[in-house]
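>>> quick one, fold the following:
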Amino acid sequence: MPTPRQVKREMTDVSKDMLIAAKNKRIKDLKAENRYLKGELQKLRGRIYDSLS
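Residues are numbered from 1 along each chain as shown. A predicted model of the protein is given here:
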């Protein structure tokens, strides 16, 4: 079984680029979800405020 150090050395630039691209996509998706959820939260806060007055 290769050691973690050997595995790291064997990673090619292509595989590293693929990992970076996957992480960037995940970050982009999470940012979009975060924007959506913030909007939903704002709408719900507005409904609560309207129901109190």
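>>> lowest-scoring secondary structure element of this protein by mean pLDDT?
Ranking every helix and strand in the chain by mean pLDDT, DSSP states H and E puts helix 4-10 at the bottom, with a mean of 75.
>>> run the chain-centre distance for the next helix or strand after that one.
Per DSSP states H and E, the first helix or strand lying C-terminal to helix 4-10 is helix 13-52. Per CA atoms, centre = their mean, to the nearest Å, the displacement of helix 13-52 from the mean C-alpha position of its chain is 7 Å.
>>> please apply the same query to stretch 38-53.
Taking mean C-alpha positions (CA atoms, centre = their mean), stretch 38-53 and its chain are 26 Å apart.
>>> which other residues reach the least confident helix or strand of the chain?
The contact list for helix 4-10 (CB atoms under 8 Å, 6 or more residues apart in numbering) reads residue 2. For every residue, glycine as well, the C-beta is placed using N, CA and C.
>>> just the C-alphas of it, formatted as PDB.
C-alpha atoms of helix 4-10 as PDB (Å, rounded to 0.1, in the frame of the first residue of the first chain):
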ATOM      1  CA  PRO A   4       0.300   9.200   1.500                       C
ATOM      2  CA  ARG A   5       3.500  10.900   0.500                       C
ATOM      3  CA  GLN A   6       3.900   8.600  -2.500                       C
ATOM      4  CA  VAL A   7       0.400   9.100  -3.600                       C
ATOM      5  CA  LYS A   8       0.800  12.800  -3.400                       C
ATOM      6  CA  ARG A   9       3.900  12.700  -5.600                       C
ATOM      7  CA  GLU A  10       2.100  10.600  -8.200                       C
END
